[in-house]
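Participant: pasting the sequence and the predicted coordinates here, then a few questions.
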Amino acid sequence: MSSASRSSLIDTVKGLACATIVAHHLVFYGPMSDVALPLMPQVMAWLSQHGRMAVQVFLVLGGYLAAASLAPTGAARFDSASEQIGRRFVRLAVPYAVAMVLAVLASAAVRPFLDHPSVPGEPSPAQLVANALMIQDIVGEEALSAGVWYVGIDFQLFALAALLFSAVRRWPGVSRPQAERLGKALVLAGTALSLLWLNREAGLDMWACYFFGSYGLGMLACWTVRAPRARAGLLAIAALGVVALAVEFRERIAVAWVAALVLVLWLRWGQPWLSARWPAGASSAVPHPLERLGRMSYSVFLVHFPVCLLVNAAFQQAWRDSAAMNLLGMATAFGLSLAAGRLLYWRVERHVPSWTVALRWQAGLVGTGVVVAFAAGRFG
């Protein structure tokens, strides 16, 4: 299957996962979903309880794409790990900081009108700095927006992978073929360690090691898809999942395992109808809506919560007890989240940022939060 076809398939899966996460947060945080619940109780119950599992799909895809970028054969194809890590941080941080500024402003705007646990409190300076650096969970500060813990974990995982491959590359006396085998072996060992032990320790859920099992499955999937013979890689992924779930069944690991297996089967042995749907050169054709959503999924993920806050406040003020109108409000929030994400994607995420831009937006996030807190009389 061509690289263009693979990209289209991955973007489609990302689009589905992104839509699921937005719907999950709309249901989970309310209050529109609380009022609309009688109209779709089973759907909302499923989204509330299981929708968050779509994050596992992002973790697997993140590992797949990291392996393809950093070490497509198992050995590092870059010279400087610090350069790769710095570039990753900047690319994540700029749209992230823009979205967090919007979240702080949206929370301040709705706080007087929406008395609900989903509305974040007034931010403190320590909370603002921790969120700007993506370390809020590590230092025990509340997040400024829903789901942003994932951004910090994604950065940790990427940095861990880059450092691992860099260490293997610099190992004295290791040839290129040996580095490829050693890199894959270390990822396999790290994946097993996470799945069988570290992921079972709830106190580690702010660190990359807790999630490396899912991320590592994605990396193994990438190498399996690219390997001349895929049987060994596929068996390794299958065995890891069976053993991990036998030791302790975890729904999140089951989802990640199935996602990795499907990714290999889909990309390695795609059926003729898949090739017809995503032909070589499909990148020049008009993409499917889910593909477009997948490409801008990071921006949608970042900005949807402040949009949902504003729509929740508006519909609660206008139609507090109308189930039908609140269900319409949820649909409105979903659509506006996609529109806002598209705007953030085209105006911010697509542009190659610099450290100067990243630091400026991080400072802007802290400054905005301080101004909002002063306006609310926090420091008065």
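Facilitator: Here it is on my side, so go on. Numbers count the residues shown, from 1 in each chain.
Participant: buried ones in the one helix or strand I237 maps to?
Facilitator: Applying DSSP states H and E as the criterion places I237 in helix 231-247. Neighbour-count burial for helix 231-247, counted by 16 or more other C-beta atoms under 10 Å, picks out 233-234, 236-237, 240-241, 244. Where you see a C-beta, it was placed from the backbone N, CA and C, and this is true even at glycine.
Participant: with stretch 253-272 instead?
Facilitator: Within stretch 253-272, the residues that qualify as buried are 253, 255-257, 259-261, 263-268, 270, counting by 16+ other C-beta under 10 Å.
Participant: from those, which is closest to C308?
Facilitator: For the buried residues of stretch 253-272, the minimum distance to C308 (C-beta to C-beta) is 23.8 Å, reached by V255.
Participant: what score does the closest one have for pLDDT?
Facilitator: On pLDDT, V255 comes in at 97.
Participant: can you pull the contacts of it?
Facilitator: Each residue near V255 by C-beta atoms under 8 Å, 6 or more residues apart in numbering is listed here: 53, 56-57.
Participant: again with F305
Facilitator: F305 touches 25, 29, 103, 145-147, counting by C-beta under 8 Å, 6+ apart.
Participant: and L235, by the same measure?
Facilitator: Applying C-beta under 8 Å, 6+ apart, no residues qualify as near L235.
Participant: how much space between it and C222?
Facilitator: 16 Å (C-beta to C-beta, to the nearest Å).
Participant: scan the chain for its longest helix.
Facilitator: Ranked by residue count, the top helix of the chain under DSSP state H comes out as helix 81-110.
Participant: what about A108, distance to L310?
Facilitator: A108 is 11 Å from L310, where distance means C-beta to C-beta.
Participant: and if you look at D137?
Facilitator: 25 Å.
Participant: quick one on the thing from earlier: ranking the contacts of F305 by neighbours, who comes first?
Facilitator: Highest neighbour count within the contacts of F305: A103, with 27 neighbours (other C-beta atoms under 10 Å).
Participant: so how far is V187 from it?
Facilitator: Counting by C-beta to C-beta, the gap between A103 and V187 amounts to 35 Å.
Participant: check M325 too.
Facilitator: Taken as C-beta to C-beta, the span from M325 to V187 is 50 Å.
Participant: so P72 sits against R226, correct?
Facilitator: Yes - the criterion here is C-beta atoms under 8 Å, and P72 meets it with R226 at 6.4 Å.
Participant: out of these two, which sits in the busier spot?
Facilitator: R226 (16 against 13).
Participant: I figured that one hits A71, correct?
Facilitator: No - the pair R226 / A71 is not scored as a contact, 10.9 Å apart, by C-beta under 8 Å.
Participant: and H116, what element?
Facilitator: Here H116 is assigned to no helix or strand, by DSSP H and E.
Participant: next one: L265
Facilitator: In this structure, L265 is located in helix 251-268 according to DSSP H and E.
Participant: let's see that helix as PDB, backbone CA atoms only.
Facilitator: The C-alpha coordinates for helix 251-268 follow below in PDB (Å, rounded to 0.1, in the frame of the first residue of the first chain):
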ATOM      1  CA  GLU A 251     -10.300  -2.300  28.700                       C
ATOM      2  CA  ARG A 252      -7.800   0.400  27.700                       C
ATOM      3  CA  ILE A 253      -5.200  -2.100  26.900                       C
ATOM      4  CA  ALA A 254      -7.700  -4.300  25.000                       C
ATOM      5  CA  VAL A 255      -8.600  -1.300  22.800                       C
ATOM      6  CA  ALA A 256      -4.900  -0.400  22.200                       C
ATOM      7  CA  TRP A 257      -4.100  -4.100  21.400                       C
ATOM      8  CA  VAL A 258      -7.000  -4.400  18.900                       C
ATOM      9  CA  ALA A 259      -6.100  -1.100  17.400                       C
ATOM     10  CA  ALA A 260      -2.500  -2.200  16.800                       C
ATOM     11  CA  LEU A 261      -3.600  -5.500  15.300                       C
ATOM     12  CA  VAL A 262      -6.100  -3.900  13.000                       C
ATOM     13  CA  LEU A 263      -3.500  -1.300  12.000                       C
ATOM     14  CA  VAL A 264      -1.100  -4.000  10.900                       C
ATOM     15  CA  LEU A 265      -3.800  -6.100   9.100                       C
ATOM     16  CA  TRP A 266      -5.300  -3.000   7.500                       C
ATOM     17  CA  LEU A 267      -2.100  -1.500   6.200                       C
ATOM     18  CA  ARG A 268      -0.200  -4.700   5.400                       C
END
